[in-house]
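1. dropping a prediction and its sequence here:
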Amino acid sequence: MWRLMRRRHEVEPQAAGEAAAQAAATVAPAKPVEPDIGAAAFFDVDNTMMRGASIYHFARGLATRGLFTTSDLFKFAVGQAVFRLRGNENPEHIAVARETALAFVAGAKVDDVVRLGEEIYDEVMADRIWGGTRALAQGHLDAGQRVWLVTATPIELARVIAQRLGLTGALGTVAETSNGVYTGRLVGDLLHGPAKAEAVRALARREGLDLTRCTAYSDSANDLPLLSLVGQAVAINPDSELREHARKHDWPIKDFRTGRKATMAALPIAAAVGAVAGSVAAGIALRRHYRSPQ
């Protein structure tokens, strides 16, 4: 069984990347500038474009609607904590994360999730966008380049964020659907680590991008496969490992955390567990909501 899990671990980043690229869609019309069709920029979301974890903010929005309880939040949080805390690539941890990430969303309608995502972005997430990172993205747009989000966040929520920010589109984790309803399974795997690089490679082939002319932005060493894929990598609000790597390779480092920097750096465990709890709680809430008598 372990051999099978290892084989799945080796091939699933590519499957997740291909699925994300196929699911990618332009969400904002091009600006009336001379297009630079060979170049693009790729932005991670959590702690790069937005303070905190987007799926956690989504769960908080669901909480205000009374769709889950505190006991739900903590009951299922610990199972993925190691994976999200350290980006651990152990096949067992990935399997746990994969199975629990969307197991509870089965039966939810895609259109309803998108609607909730739009509402919650406007209520909870909009004020958490890093102004400095948003300005960097706008600079690429003003130069005629396309700008994509690349995130482990479910693609439906990632598209909402991209649309609200006026970006080109998003690559995110793809959940399997049937007749507009989630089955509770993933297509490929979580868009994490090497899978992000595979997604960008696939998108570049589809869109005719020259990756040596592209730029990628992230806060996490987990995204080194993506950052190393493009011609220019930029560390945004970096963790200690990424900061060290960026310095060694002369990558630009930008930190927009100001006074919050020390506090955020001192609480990585709380942030990671919060993200895990948010994702699981969101699934529980949606399952309960959409399976309850209407």
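-> Received, thanks. Remember, predicted model here, so these are calculated numbers, not experimental data.
2. switch to C-alpha atoms for all contacts and neighbour counts from now on
-> Fine.
3. who's in contact with the strand ranked longest in the chain?
-> Longest among the strand segments of the chain by residue count, using DSSP state E, is strand 146-154. Residues outside strand 146-154 that contact it (CA atoms under 8 Å, 6 or more residues apart in numbering): 37, 39-46, 54-55, 137, 140-141, 158, 162, 167-175, 190-192, 196.
4. out of those, which are buried?
-> 39-46, 54-55, 137, 140-141, 158, 162, 167-175, 190-192, 196 (16 or more other CA atoms under 10 Å).
5. ok, back up a step: and the next helix or strand after the longest strand of the chain, what does it pack onto?
-> Along the chain past strand 146-154, the next helix or strand (assigned with DSSP states H and E) turns out to be helix 155-165. Helix 155-165 makes packing contacts with helix 110-120, strand 146-154, strand 169-173 when contacts are defined by 3 or more CA pairs under 8 Å, 6 or more residues apart in numbering; DSSP states H and E.
6. which residue ranges of the stretch 151-294 of the chain form strands?
-> Secondary structure of the stretch 151-294 of the chain (DSSP state E, counting those that start in this stretch): strands at 169-173, 175-178, 181-186, 215-218, 232-236, 253-254.
7. kindly state the beta-bridge partners for the nearest residue to Pro252 once chain neighbours are set aside.
-> Leaving aside its sequence neighbours, Pro252 sits nearest to Val234 (CA to CA, 6 or more residues apart in numbering; 5.1 Å). Following DSSP bridges, Val234 is listed with bridge partners Tyr217.
8. who touches Val234 in this structure?
-> By CA under 8 Å, 6+ apart, the neighbours of Val234 are Thr215, Ala216, Tyr217, Ser218, Leu227, Ala246, Trp251, Pro252, Ile253, Lys254.
9. ok, now with 7 Å
-> Ala216, Tyr217, Ser218, Trp251, Pro252, Ile253 (CA atoms under 7 Å, 6 or more residues apart in numbering).
10. by neighbour count, which of those wins?
-> Tyr217 (30 neighbours; other CA atoms under 10 Å).
11. re the thing from before, need the strands of the stretch 151-294 of the chain in TSV (columns: mean pLDDT and distance to Leu203).
-> Written out in TSV, the entries for the strands of the stretch 151-294 of the chain read as follows (pLDDT from 0 to 100; distance: least, CA to CA, whole Å):
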stretch	mean pLDDT	distance to Leu203
strand 169-173	95	9
strand 175-178	90	18
strand 181-186	86	19
strand 215-218	98	14
strand 232-236	98	17
strand 253-254	98	26
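12. count of neighbours near the nearest residue to Arg51 once chain neighbours are set aside?
-> Using CA to CA, 6+ apart and skipping residues adjacent in sequence, the residue nearest Arg51 is Arg128, 5.3 Å away. For Arg128, the neighbour count with other CA under 10 Å is 15.
13. right, and Arg128 touches Thr48 too?
-> No - assessed by CA atoms under 7 Å, Arg128 is found out of contact with Thr48, at 10.7 Å.
14. assign a three-state SS to Val124, would you?
-> helix (DSSP: H, G, I helix; E, B strand; the rest coil).
15. and for stretch 216-227, what's in contact with it?
-> 41-44, 47-48, 87, 193-194, 196-197, 230, 232-239, 241-242.
16. where does pLDDT dip in the chain?
-> Applying pLDDT under 70 to the chain picks out residues 1-17, 19, 21, 24-32, 67-105, 259-294.
17. if we go to 50?
-> Applying pLDDT under 50 to the chain flags the ranges 1-6, 75-89, 260-282, 284-285, 290, 294.
18. residues contacting Glu176?
-> By CA under 7 Å, 6+ apart, Glu176 lies in contact with Tyr182, Thr183, Gly184, Arg185, Leu186, Val187.
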